[in-house]
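Asks: just the structure for this:
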Amino acid sequence: MAGNPKITFIGAGSTVFMKNIIGDVLQRPALTGAKIALMDLNPQRLDESAVVARKMASTLGASATVETFTDQRQALDGADFVVVAFQIGGYEPCTVTDFEVPKKYGLRQTIADTLGVGGIMRGLRTVPHLWKICEDMLAVCPEAVMLQYVNPMAINTWAIAEKFPTIKQVGLCHSVQGTAMELAKDLDIPYEEIRYRSAGINHMAFYLKFEHRQADGSYRDLYPDLVRAYREGRAPKPGWNPRCPNKVRYEMLTRLGYFVTESSEHFAEYTPYFIKEGREDLIEKFGIPLDEYPKRCIEQIARWKSQADEYRSADKIEVSQSKEYASSIINSIWTGEPSVIYGNVRNNGCITSLPYNCAAEVPCLVDASGIQPTFIGDLPPQLTALIRTNINVQELTVQALMTENREHIYHAAMMDPHTAAELDLDQIWSLVDELLATHGTWLPEWARSDRKVQAA
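Replies: Residues are numbered from 1 along each chain as shown. Predicted coordinates:
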């Protein structure tokens, strides 16, 4: 396409993430003159992000322009691409609430941003704001493509497709390519020599193929190597976070025959097998990091304070390529140069063993025609069965949002594998009541609890 694209970033106060995405964009020759519109409700964080974006452009010699907005519709006006990255309610009070209230009932969590009672509450807080972005996009940039980086990814993608089916959207996560890099490291194989194919739902997709290119051009299945390395204690190798040894996913590989794409700390709370009252042996055996996400939030906040000072005083900001898909998508749609990404989209029959209207994570071709999901067919039956336990929670949360029927919030919590393994029905009902009451105005009005909260 001629000219320069306008890229609007909603939630630009997430400066570190904005830096990764905009830094990637500005390294693409066809995008160096992009019009960058940064929008956030926090003026201080917004100004910090603008400083970073402008210094990156200067460092790279890019001609991009950077504008800031606190008005969402103004920022979206005329956009070609809309990047969304925000957390409604932040670490305090909402993330703290999502962890501390369930603990009163004996329900412990690790990340709580995708599934479980934490994921349900996050979805209830988040989707109405995503819908408002969709409304504004239809008014001022109806042809723009939304690149959505917000959790709970599957609930968000599903809810947008249900209420605003004409919005061009894709949910993006780095778990597929990130995990492939981890596994290559575990096997001491260069990532560039790995070939894989993954499909499922966000945070519960599986590598249907994971192979190593041989000298003669053929490919060798790496699953036997991964199982052997785990059983011999050679894998997993230490990763970036010493609190998260990544044993859960390897254990599930030996049970299912396939490796899941999201981390062990996430996966431990998507299933009923690992976090159990009175089973501290499981926590120790698999190195499950309880309360991991709050710890990361505290560390990230502290790290950002020091980084912000460095960025403000620096003349230049060095830019390296991240593993996010956003710049690849924007470049492919804008120039027609094809690429393949893993995206979260409405299933529409791509995975035939999953519901037609769920949010599926599948390989997608991207070119001037947009984002085109590829056909997968049926997943192995054991993978389909496990994924459906998570889809049940997602579907009921979306139904609650679409119908404004609060009863479906309780139904979603009932169906959550980890919650159901730990709590009885009265506890689940009481826990949901207390979460709704505590979150209060962070939730849509119809969802706020007006029932008497019972003691745990």
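Asks: contacts, neighbours, all on C-alpha from now
Replies: Will do.
Asks: could you chop this structure up by domain?
Replies: For the chain, the TED database gives the domain ranges 6-172, 173-444.
Asks: can you say which of those domains is packed in most?
Replies: Of all the domains of the chain, domain 6-172 carries the top mean neighbour count, a mean of 21, counting by mean count of other Cα atoms under 10 Å.
Asks: what mean pLDDT does it get?
Replies: The pLDDT scores in domain 6-172 average 97.
Asks: from one end of it to the other, what's the distance?
Replies: By Cα to Cα, to the nearest Å, the extent of domain 6-172 from end to end equals 19 Å.
Asks: now do residue 174 against residue 105, distance only.
Replies: 33 Å.
Asks: give me the residues contacting the helix or strand harbouring residue 19.
Replies: Assigning secondary structure by DSSP states H and E places residue 19 in helix 15-26. Residues from elsewhere that reach helix 15-26, judged by Cα atoms under 8 Å, 6 or more residues apart in numbering: 9, 12, 31-34, 45-46, 48-49, 52-53, 56-57, 60, 62, 64, 85, 304, 319-322, 324, 326-327, 330-331.
Asks: okay, it in PDB with CA atoms only?
Replies: The C-alpha trace of helix 15-26 is given here as PDB (Å, rounded to 0.1, in the frame of the first residue of the first chain):
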ATOM      1  CA  THR A  15       6.000   1.100  28.100                       C
ATOM      2  CA  VAL A  16       8.100  -2.000  28.000                       C
ATOM      3  CA  PHE A  17       5.700  -3.800  25.800                       C
ATOM      4  CA  MET A  18       5.100  -0.700  23.600                       C
ATOM      5  CA  LYS A  19       8.900  -0.500  23.200                       C
ATOM      6  CA  ASN A  20       9.000  -4.100  21.900                       C
ATOM      7  CA  ILE A  21       6.200  -3.700  19.400                       C
ATOM      8  CA  ILE A  22       7.100  -0.200  18.100                       C
ATOM      9  CA  GLY A  23      10.800  -1.100  18.100                       C
ATOM     10  CA  ASP A  24      10.000  -4.100  15.900                       C
ATOM     11  CA  VAL A  25       7.800  -1.900  13.600                       C
ATOM     12  CA  LEU A  26      10.500   0.800  13.100                       C
END
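Asks: what's the offset of that helix from the middle of its chain?
Replies: Remark: helix 15-26 is offset 16 Å from the chain centroid, using Cα atoms, centre = their mean, to the nearest Å.
Asks: do a quick rundown of the helices in the stretch 351-456 of the chain.
Replies: For the stretch 351-456 of the chain, the helices defined by DSSP state H, counting those that start in this stretch cover 381-403, 407-415, 417-422, 425-439.
Asks: looking at the ones you listed, spot the one closest to residue 95.
Replies: helix 425-439 (10.0 Å; Cα to Cα).
Asks: which strands and helices lie in contact with the closest one?
Replies: With contacts defined as 3 or more Cα pairs under 8 Å, 6 or more residues apart in numbering; DSSP states H and E, the packing partners of helix 425-439 are helix 96-104, helix 116-140, helix 407-415.
Asks: after the longest one comes which helix or strand?
Replies: Read in the C-terminal direction, the helix or strand following helix 116-140 is strand 145-148, with elements assigned using DSSP H and E.
Asks: give me the contact list for the next helix or strand after that next one.
Replies: Downstream of strand 145-148, the first helix or strand assigned by DSSP H and E is helix 153-163. If you take Cα under 8 Å, 6+ apart as the criterion, helix 153-163 is touched by 114, 123, 126-127, 130-131, 134, 150, 167, 169-172, 201-202, 344-346, 357-360, 394-395, 397-398, 401-402.
Asks: so after helix 153-163, what's the next helix or strand?
Replies: Criterion used, DSSP H and E; the element after helix 153-163 is strand 168-171.
Asks: for that next one, which outside residues touch it?
Replies: With Cα under 8 Å, 6+ apart as the test, strand 168-171 has contacts from 143-150, 153-154, 157, 343-345, 371.
Asks: quick one, helices of the stretch 151-300 of the chain?
Replies: Remark: helices assigned in the stretch 151-300 of the chain by DSSP H, counting those that start in this stretch are 153-163, 175-186, 223-231, 247-256, 264-267, 280-286, 292-313.
Asks: make CSV out of those helices and add distance to residue 73.
Replies: Shown next, in CSV, are the helices of the stretch 151-300 of the chain (distance: least, Cα to Cα, whole Å):
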stretch, distance to residue 73
helix 153-163, 18
helix 175-186, 31
helix 223-231, 49
helix 247-256, 42
helix 264-267, 35
helix 280-286, 47
helix 292-313, 28
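Asks: any idea which of those scores lowest on pLDDT?
Replies: helix 292-313 (a mean of 87).
Asks: what is the orientation angle of that helix with helix 15-26?
Replies: 60 degrees (axes from the mean of the first three to the mean of the last three Cα atoms, to 10 degrees).
Asks: run through the residues that contact the closest residue in space to residue 222 that isn't next to it in sequence.
Replies: Excluding its sequence neighbours, the residue lying closest to residue 222 (Cα to Cα, 6 or more residues apart in numbering) is residue 211, at 5.2 Å. For residue 211, the contact set (Cα under 8 Å, 6+ apart) comprises 194-196, 219-223.
Asks: if we use 6 Å, what do you get?
Replies: 194-195, 219-222 (Cα atoms under 6 Å, 6 or more residues apart in numbering).
Asks: also residue 58?
Replies: Applying Cα under 6 Å, 6+ apart, no residues contact residue 58.
Asks: try it again at 10 Å.
Replies: Each residue near residue 58 by Cα atoms under 10 Å, 6 or more residues apart in numbering is listed here: 52, 64, 315-317.
Asks: so how far is residue 177 from the spatially closest residue to residue 196 that is not a sequence neighbour?
Replies: Nearest non-adjacent residue to residue 196, counting by Cα to Cα, 6+ apart: residue 210, 4.4 Å away. According to Cα to Cα, residue 210 stands 12 Å off from residue 177.
Asks: any common contacting residues for the two?
Replies: Jointly contacting residue 210 and residue 177 under the rule Cα under 10 Å, 6+ apart are 196, 198.
Asks: tell me the pLDDT of the residue nearest to residue 389 when sequence neighbours are not counted.
Replies: Leaving aside its sequence neighbours, residue 389 sits nearest to residue 417 (Cα to Cα, 6+ apart; 6.8 Å). The predicted local confidence for residue 417 comes out at a pLDDT of 98.
Asks: now residue 450
Replies: On the pLDDT scale, residue 450 is placed at 62.
Asks: can you start the count at 836 instead of 1 from here on
Replies: New numbering, starting at 836: the last item is residue 1285.
Asks: tabulate the helices and strands packed on helix 1260-1274 (TSV), appending distance to residue 1101.
Replies: Supplementary listing: these in TSV, determined by distance: least, Cα to Cα, whole Å:
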stretch	distance to residue 1101
helix 931-939	14
helix 951-975	11
helix 1242-1250	17
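Asks: could you point out which of those sits nearest residue 1202?
Replies: helix 951-975 (21.7 Å).
Asks: tell me how far the closest one lies from the chain's centre.
Replies: Relative to its chain's centre, helix 951-975 lies at 14 Å (Cα atoms, centre = their mean).
Asks: run the angle between that helix and helix 988-998 for me.
Replies: Going by the same axes, to 10 degrees, helix 951-975 makes 40 degrees with helix 988-998.
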